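# Please work out how this folds:
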Amino acid sequence: MLRIRRVGVLALFAVTAVAARELPSGFRLEPIFGGLSRPSAIASTRDGRLLITERTTGTVRVAIGGELQAAPLCTIPVDPTGEGGLLGITVHPNFAVNGWIYLYYTDLTTGNNQVRRYVVGGGSCTASILVLADLGAGGAVLRNGGGLAFGNDGKLYVATGDVQVPANSQDLGVLEGKILRLNDDGSIPSTNPSPTSAVFARGVRDGRGLAIGPAGQIYASDRGSDVESAHDELNRVTGGADLGWPATTGTGLAAWLPTIGVHGVAFGADGLPNETADARDSDHDRFGDDGLPGKARVDDNATGECVGSVNRGATCSSNADCPPRPPSEFAYCEFRDDSAEYCPGGSPIYDDACGAATGAGVDEPDESYRTSLYTTAGGELRRAVLTGAGLDTLSAWRTFLNSSPANPTAPPPPITDCPTDWTGIMTGADGWLYALATNGGGAGAGALYRVTHRGAPGPREVSPPGSPFYLRIAKGSSSSELLVSWEDLRDDAKQPRNSGTTILAPEREYTIWRGTIGSWTSHVPLISATPGAPTNDAMRRESISTPAGTNEYFLVSGRGDNLEGSLGKASTGVERIGYPVTDLCQSLGYYQSPGGPLFSCGKNFSLLDEFGLSESLYERRGEVIMFDLSAIWCGPCQSQANFMENLYQDFKDRDVSLLTVLMDEDSQTQTYEGRPTPAECRNWSDRPTAPDHTFTCMVEPNGPPKVAWTSYNVSFALPTNVILDNGLRVVYAAAGYNETAIRQALDALVGPGDSCLH
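The predicted structure is shown next:
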């Protein structure tokens, strides 16, 4: 009897930003599957199923194991006229036991909006009961609402619309234009503001989405209209609250006019970064949207640090405080980005207030993506950064993803594969965001997408409990054939390649392993390098042969996991046994430039960043790196740095990281102890063309050995530009800044064009 053990899929997660150009650094937009018709809302079950409503067809679609099933879960007779149809869905907290889902829709027979509970079982929806019978006439009427969510208190929350009668929103005798609170059977909780009414809050124009915060906070989206000068809003909802409409508009937690068509809303989750909790930012509070410390490049306090000088490192207020050392040192007072311009190290998140209160500087208000609200709105995903103990204060409101074809921030050539008309959104069990687009980037088809984040460096397990992308084994066409399906890890499974003479782009490769059940370290490679065949945008599949009657388990890993000879750590923290490989640097070899020196691997290349934090190049394994070796005294180096910002902007979203390494002291002929310093790196990064620089500057630790020189045996003139592929192998090295050659090399490694999707 063949027995299969479900196991995780592993991959090396890239450190650099692999994102749609419109997303913040480190995020990426990934397609999951298409084939949807006007998708409107999404929910998930504890066993990993995704449930998606189609507004105009009244159909609930189901995805299992990352694959959309051809047969619908159920189809409800709906009136799709105007904005009517199947509008909302939520899953009961105890779904694993009772199988209950709730649908908000415009009934075909009555023309009214209503909420009905169904039992999911046997691949269909049965045994329905009416929870709310009359939420206003739908069909040709607009502003039907549709938000559904279960709160932490186990109560069902419903966001309705005023169905084009603004007075409904304030009339406590009707359910239109309200946030409602019910027991799971539709009865009214005795703890409601009025124990005889389902109304929890009033003053809603068109409640499209609901989200629940970690402590049970209720958030609702309210769609506005330019014609009526009614703002789109995000609201923090409390019992008995009046959210304003129609007497007032634009007073919510976040509000905007002109409107952009707010729809679904979701609260952040654990898969999103919390910059104050990671190793790079835990005690520095200097992490900005660009993914680098020190986004605020301003002199807030007129206090600087002496660079060079007999007083090097001392506080200064002018260059006169920094007399040069003989015979002719260039010394100065560096005003920007000293530590006093930021809140003290170790301050909690949202500590931008401490800078504003004391005049000590401006800290970042958006260090945690987990405690933010995300809403869909037309061609955008928006992010509301929440602060305060109750997460009821808006700290920042910004575009998170702009996928509109008319995106003014996207340089040419235009991005053509971006989805638009976003509707439903949720946070998945894997901690990432899932969003629906009615225009999935082709032929107007609806599609599902996922917004992920790069996470920590090194191998990762991508099939945690509840993930919709688990490893699956199915019977093939014969008794000896099995079909192995796994999540497509895309760039995270790319393996470095080397022709010996030509720069080759890394290609995705997976290893399929087979072992004997009962001996969990017995697995060996069954197929050592396969890209797999795509089954949809999310999944890959491979046919394998297996003897009949064996007792086996299988796992799949991205080839990048095995660069160091193991499959990485399991969730228990124990290293999985892999197959032996040569050390990363030695296995990937070296680069001999034509007629020039030998450039060696960068595994042990460790430098200091602009704030004196140590960073190893090995931490960036899995990404393509271009860095220039420069010096302050070098005129061509200064000129090159002025133009690197354009290079960075063109490649930052294609898995490329740019670094400057300041190699030596102030003068080509003189050596001064303590130069260069992180302060000089900060000064270097503030180019005239980019005062808020985005590419990183690093310096060598004071004193020998000079790691950059010795690791790369540089004898070229400066600047020297070096490109490493995703295996930290040098594939390009040349003196001078040949931008054409650099672009050609980077294009060869990561592709010549940008894309919304990865």
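# now residue 194, nearest residue through space, not along the chain?
Leaving aside its sequence neighbours, residue 194 sits nearest to residue 172 (C-beta to C-beta, 6 or more residues apart in numbering; 7.7 Å). The way it works is simple: take the backbone N, C-alpha and C, and place the C-beta from them, glycine included.
# swap in residue 738?
residue 721 (7.6 Å).
# Over to residue 526?
residue 514 (4.3 Å).
# What of residue 83?
Using C-beta to C-beta, 6+ apart, the nearest residue to residue 83 is residue 142, at 5.0 Å.
# secondary structure class for residue 320?
helix (DSSP: H, G, I helix; E, B strand; the rest coil).
# pLDDT at it, what is it?
In this model, residue 320 is scored at 95, pLDDT.
# do residue 34 as well
For residue 34, pLDDT reads 92.
# what do you get for residue 264?
97.
# Just the CA atoms of the helix or strand harbouring it, as CSV, please.
According to DSSP states H and E, residue 264 maps onto strand 262-267. This file holds the C-alpha atoms of strand 262-267, laid out as CSV (Å, rounded to 0.1, in the frame of the first residue of the first chain):
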residue,chain,number,x,y,z
VAL,A,262,-12.8,51.9,-1.7
HIS,A,263,-14.0,48.3,-1.5
GLY,A,264,-12.6,45.5,0.7
VAL,A,265,-10.5,46.0,3.8
ALA,A,266,-8.2,43.6,5.7
PHE,A,267,-6.0,43.9,8.8
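# The residue nearest to residue 526: what's it in contact with?
523-524, 526, 544, 546, 552-554 (C-beta atoms under 8 Å, 6 or more residues apart in numbering).
# Residue 32 touches residue 449, doesn't it?
Yes: assessed by C-beta atoms under 8 Å, residue 32 is found in contact with residue 449 at 6.2 Å.
# Need the residues touching each of these two.
Counting by C-beta under 8 Å, 6+ apart, the residues touching both residue 32 and residue 449 are residue 434.
# Quickly list what residue 516 is bridged to.
Per DSSP bridges, the residues bridged to residue 516 are residue 552.
# got it, and residue 452?
residue 28.
# Next, count neighbours for it.
Per other C-beta atoms under 10 Å, the neighbour tally for residue 452 reads 24.
# Does it touch residue 269 like I think?
No: Residue 452 sits out of contact with residue 269 when judged by C-beta under 8 Å, with a separation of 11.5 Å.
# picking that back up, I'd like to know how far the residue nearest to residue 194 sits from residue 193.
Distance, residue 172 to residue 193, by C-beta to C-beta, to the nearest Å: 10 Å.
# in the helix ranked longest in the chain, what's buried?
The longest helix of the chain (DSSP state H) is helix 635-651. Within helix 635-651, the residues that qualify as buried are 637-638, 640-641, 644-645, 647-648, 650-651, counting by 16 or more other C-beta atoms under 10 Å.
# those strands in the stretch 551-700 of the chain, which residues are they?
Using DSSP state E, counting those that start in this stretch, the strands of the stretch 551-700 of the chain run over 552-558, 566-569, 575-577, 591-592, 598-599, 606-608, 614-616, 624-630, 656-662, 696-699.
# got it, and the stretch 101-250 of the chain?
113-121, 124-132, 145-150, 156-160, 178-182, 199-202, 207-212, 218-222, 232-237.
# For the closest residue to residue 419 other than its chain neighbours, give me the pLDDT.
Leaving aside its sequence neighbours, residue 419 sits nearest to residue 437 (C-beta to C-beta, 6+ apart; 3.5 Å). We have a pLDDT of 94 for residue 437.
# Brilliant, that's me finished.
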